[in-house]
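J.: Here is the input, now give the coordinates:
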Amino acid sequence: MIINAEKQRITICMKQPDMPKNFPSDALNNYVEKLNYYFNERTKDNEKLNKYDIGVYFYPYEPVDRNGRSVSSTFMVELGKILPNKNKNNNFDLVVLDDRILLNEIALMESEWVLENIKYSHPTFDLYHDLTKYVNKDDLQFHDPKILSGGLFEEKIYGIPFKYNFDVLYYHNENKYSKEYNDTQLLLEGMKNNTWNKLVELMNNNAQPLNLPFGDDNDLLNFVIEYTSNHYNLTKENDPDFIKLFYNETSVEFYTKLRDLVVSVAKNNDARNSALTTLDEAYEDFIEGKSTFFRGKASHSFIFEKKYPKNEILLSLPPKYQSATTHEYIVANKFSKFDPEILAEVALILTDKDAQLFHAENIGNIPTFDFSKKDSDTYLKAYCDFNSVICDAMDKMEKLYIRDIFKSDTMAPFFEFECFMPIKFKNYFIDNKVDDELRKPFQNLVEFNTDHLGIYGTLSIFMIFGTVILFGIIIFMTFKLREHSYIKVISPLFCNLIIIGCMLNLIKVLKFLPPYSATKVKIFLVLEALGTNLIYIPMFVVAYRIFRIYKTKTFMSNALNNKRLLISVFIAVSIAVIYRIVIVMTNRVYYLAIGTIKMVRIPKGYYSNYKLFSTIYQVYLTIVFIALMMMIIITGSRSRKFGDICYTFVIFITNISDFNVERLIVWLNEENYPLHFFIIIIFDCVLHFICVYFLVGSRIQFLLTNPEFDFNSSDDTQYIALRSKIIGMSIFRKLSSIYFTCNRNNTVRSNNSQQRDEISIESSRIKINNSYNKVENENT
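T.: Numbers count the residues shown, from 1 in each chain. The predicted structure follows:
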């Protein structure tokens, strides 16, 4: 083939044919040459595109990995390495992906496994262009709507339909009236009503051999769904919980029958043989007469037409005419050196109506046309005139969309399912361990560890709301006693805001519990921001106010006016909350499921561009935290000689709680998880209670237990951090009250009188110490 040296080559990456040994090599080479010629002819008058030509790279997609690894996973890992590397000679500009990969890492419940193994959290978004602004959607309306939707996400175009396929059974066109012919015809006549079990039973009765290849993960998955659909209606409209049939009690019997069927058709009744058999090997057995049917794809008819042009091989739909479909799409590499607009226009030329017929004629692709319009569309008529058997099969078959079956709000993304479950089925066929290999993974596919907490879940909720109610009582008492000097000095309004923040901190643990939805993620992301800032910002105000009291010896000043400080708190908290609201309203929110379907999963709310926006938010919190700590240190250095500064513990304890609680919930082992979850909730509630007690609870307790204690000092600074001394004095008085009631009262009155006369902080300390000494002398 002569290539114009002045032209730039746009390389398309496609998987090699799934039967590489038996696909005509000359046809493959001719296809590549003809495709480039076809493109050059289509673009020769297009000044924008006539400077390019087309090259095709067939990726060596091995259908069977005999080391037990996922072929789909390996393929994606390789693409993740190759596509971003602009320096490699084999860099691809366009890639053909099937619907089992494209957009299948995207779900409400996404998987950390994808990031850990593929190195991209969203390979579709990270590796491929959004072509929406380069493609007129009207130009795509000739595609089947269902196929077209598989390349779209939220009305954005990531993949343009390229190829369609579905499962069929090929059989030999035997000599009429021979026993083989009659037996096969009886099987074909009952195919629409027979299940796979019935078909195999009839074939065994007729001593007709059958070899089913399950080496290819997708073929195995297709067969399992076709087999299951013979017995169950796998649609949410019929049963929203149909997925449970794969792991409920009746599933054991279902899996046993499935395995028995696989063993019965395997060579030497060894399921390992079927699990490792490739399409090439099954095809060769079929050609040699060792299998009555060859279970392949409709596009394989191209091979049979090339090798057996006299209708020696015919096709039928699988049992009950239920067939799993596959769709393939062209996507544009984000890291290509070519402009995405150029790539989009090239992709459109290679997928339009004329190109669909070209691919069908030269490599056997089935067009992605909307075949419901075949009576009115000339292109469809042209295709069906030469491929009437395939068109007839498409009219009769019940299409099974595998991706839709395993797609719901709580399921793991389909890509993770495809990477794990075919291997699990193979292991089950070989080892016959249904619980470990199938039932538990299917349950983990749909459910979470936090879905089955039982009584411990109920107790956890009661514990949380019980603590919240207690905090509500403390808020009420703080408000009620707000004019008392012992409460007033710690800024009761802002203490109540901090307590509300602690309440929200407790409630946010409920985000791990069902039900799950995008709305719930948004609500809790905003609540987290509100709760954290209601602790940090008012705490800063409290620390600042105490610092000013020490400095000015006066409780109120213009700078310390409640209204001004409250406005400042409102503005600061609003900035953080509005920032988070804007994020959740303008970005896609989802859960990141920690764990895999092999083990257990825990849902955690995230949003797109999380790393960037989270970093900005953390910088903001860090600045607030540093400023707060500076105020605490300054205040502490001035107040430590007067006693404890317990309010400073709040920030540390809430940080400890936030840091540990979520990590424990996410990473604790599955064994005894409900009990461990309850213990974590107790731990969280106790820590927050300690915070609130240190902050204001102990002061309320002291006032309630010592109603006769009178605080009338004009120096408010003495009430800031004298809690331990005052409580100590209270205890001492109670111990000595039996003997020295009169003396105690005189001492207290004397102490109060002295406090009213003193202004300086040091004088307050001396008087209180003198009071202690006097009481001690009297007791002795």
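J.: backbone phi and psi for the most centrally placed residue in the chain, please?
T.: Nearest to the mean C-alpha position of the chain, counting by CA atoms, centre = their mean, stands residue 110 at 1.7 Å. The phi/psi pair for residue 110 (degrees, to the nearest 10) reads phi -90, psi 170.
J.: How about residue 331?
T.: phi -120, psi 160.
J.: Flag every buried residue along stretch 562-570.
T.: 565, 569 (16 or more other CB atoms under 10 Å). Backbone N, C-alpha and C define where each C-beta goes, glycine included.
J.: what's next to it, contact-wise?
T.: Residues from elsewhere that reach stretch 562-570 (CB atoms under 8 Å, 6 or more residues apart in numbering): 491, 493, 494, 497, 537, 538, 541, 545, 558.
J.: Outline the domain layout of this structure.
T.: Using automatic domain parsing, the domain parsing of the chain gives 8-163+325-373, 449-705, 722-779.
J.: which SS state does residue 591 fall under?
T.: At residue 591, secondary structure determined by DSSP: H, G, I helix; E, B strand; the rest coil is strand.
J.: Name the nearest residue to it, sequence neighbours excluded.
T.: residue 603 (4.1 Å; CB to CB, 6 or more residues apart in numbering).
J.: helix/strand/coil for the one you found?
T.: From three-state DSSP, the assignment for residue 603 is strand.
J.: again, but for residue 191
T.: coil.
J.: I'd like to know how far it sits from residue 312.
T.: Separation of residue 191 from residue 312 (CB to CB, to the nearest Å): 20 Å.
J.: Of those two, which one has the most company?
T.: residue 191 (17 against 11; other CB atoms under 10 Å).
J.: From what I see, residue 112 and residue 597 are in contact.
T.: No: using CB atoms under 8 Å as the test, residue 112 is too far from residue 597 to be in contact (11.9 Å).
J.: Have a look at the two and say which one is more surrounded.
T.: residue 597 (24 against 17).
J.: Wait, that one touches residue 418, no?
T.: No: if you go by CB under 8 Å, residue 597 and residue 418 don't touch, sitting 11.0 Å apart.
J.: who touches both of the two?
T.: With contacts taken as CB under 8 Å, 6+ apart, residue 597 and residue 418 have no neighbour in common.
J.: May I see the buried residues of stretch 258-266?
T.: By 16+ other CB under 10 Å, the buried positions in stretch 258-266 come out as 258, 259, 261, 262, 263, 264, 265, 266.
J.: Phi, psi for the last one please.
T.: Summarising the backbone geometry of residue 266 under the convention degrees, to the nearest 10, its torsions are phi -80, psi 150.
J.: Excluding chain neighbours, what is closest to it?
T.: Spatial nearest neighbour of residue 266, chain neighbours left out: residue 274 (4.2 Å); criterion: CB to CB, 6+ apart.
J.: Contacts only, for that neighbour.
T.: 211, 212, 213, 214, 262, 265, 266, 267, 429.
J.: can you point me to the longest helix in this protein?
T.: Determined from DSSP state H, the single longest helix within the chain is helix 518-552.
J.: quick one: the strands in the protein?
T.: Using DSSP state E, the strands of the chain run over residues 8-15, 52-59, 94-98, 109-111, 152-153, 156-157, 160-172, 293-297, 313-316, 322-332, 398-400, 589-595, 601-607.
J.: Residue 482: which of the ones you listed is closest?
T.: Minimum separation from residue 482 across these (CB to CB) falls at strand 601-607, 36.5 Å.
J.: What pairs with the closest one, parallel or antiparallel?
T.: strand 589-595 (antiparallel) (DSSP bridges).
J.: pLDDT averaged over the partner strand - what is it?
T.: Average pLDDT, strand 589-595: 88.
J.: Repeat that for stretch 413-432.
T.: Averaged across stretch 413-432, the pLDDT comes to 89.
J.: Any buried residues in that stretch, and which?
T.: 413-430.
J.: residue ranges with poor pLDDT in the protein?
T.: Residues of the chain meeting the criterion pLDDT under 70: 1-5, 66, 68, 86-90, 546-547, 549-560, 635-651, 669, 708-780.
J.: and of the domains of the chain, who's closest to residue 287?
T.: Residue 287 lies closest, by CB to CB, to one member of the domains of the chain: domain 8-163+325-373, at 8.7 Å.
J.: chain center to the closest one: distance?
T.: For domain 8-163+325-373, the distance from its own C-alpha centre to the chain's C-alpha centre is 25 Å (CA atoms, centre = their mean, to the nearest Å).
J.: Span of that domain from start to end?
T.: Across domain 8-163+325-373, the terminal residues are separated by 38 Å (CA to CA, to the nearest Å).
J.: who are the neighbours in contact with residue 467?
T.: Applying CB under 8 Å, 6+ apart to residue 467 gives the contacts 506, 685, 688, 689.
J.: Closest one of those residues to residue 71?
T.: residue 506 (46.6 Å).
J.: coming back round to it: mind checking which of the contacts of residue 467 are in helices?
T.: Under the assignment DSSP H, those contribute 506, 685, 688, 689 to helices.
J.: Can you say which of the residues you listed are buried?
T.: In the ones in helices among the contacts of residue 467, burial by neighbour count holds for 506, 685, 688, 689, counting by 16+ other CB under 10 Å.
J.: which two from those end up farthest apart in space?
T.: 506 and 689 (9.6 Å).
J.: Residue 315: neighbour count?
T.: When counting by other CB under 10 Å, one arrives at 20 neighbours for residue 315.
J.: Please apply the same query to the one 5 residues further on.
T.: Residue crowding around residue 320 was assessed by other CB under 10 Å; the count is 20.
J.: Please name the residues that touch the nearest residue in space to it that is not next to it in sequence.
T.: Closest residue to residue 320 apart from its sequence neighbours, by CB to CB, 6+ apart: residue 230 at 5.3 Å. Going by CB under 8 Å, 6+ apart, residue 230 touches 195, 196, 197, 319, 320, 322.
J.: how about a markdown table for the residues you listed, with distance to residue 652 added?
T.: Converted to a markdown table, the contacts of residue 230 look like this (distance: CB to CB, whole Å):
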| residue | distance to residue 652 |
| --- | --- |
| 195 | 65 |
| 196 | 64 |
| 197 | 65 |
| 319 | 66 |
| 320 | 65 |
| 322 | 62 |
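J.: Those residues: which two are farthest apart?
T.: The largest separation in those, counting by CB to CB, is between 197 and 322 at 13.5 Å.
J.: higher neighbour count, the two?
T.: residue 322 (22 against 17).
J.: Next up, the contacts around that one.
T.: Taking CB under 8 Å, 6+ apart as the test, what residue 322 contacts is 226, 229, 230, 397, 398, 400.
J.: how close does it sit to residue 99?
T.: Note on residue 322: its distance to residue 99, by CB to CB, is 18 Å.
J.: What about the residue lying closest to residue 304 once chain neighbours are set aside, how many residues nearby?
T.: Distances taken as CB to CB, 6+ apart put residue 313 closest to residue 304, at 4.2 Å, once the chain neighbours are dropped. Other residues lying near residue 313 total 19 when counted by other CB under 10 Å.
J.: Surely residue 313 and residue 173 touch.
T.: Yes: counting by CB under 8 Å, residue 313 does reach residue 173; the two are 6.8 Å apart.
J.: burial measure for the residue nearest to residue 591, as a count.
T.: The tally of other residues near residue 603 (other CB under 10 Å) stands at 27.
J.: before we move on, what about the one 10 residues further on?
T.: Per other CB under 10 Å, the neighbour tally for residue 613 reads 18.
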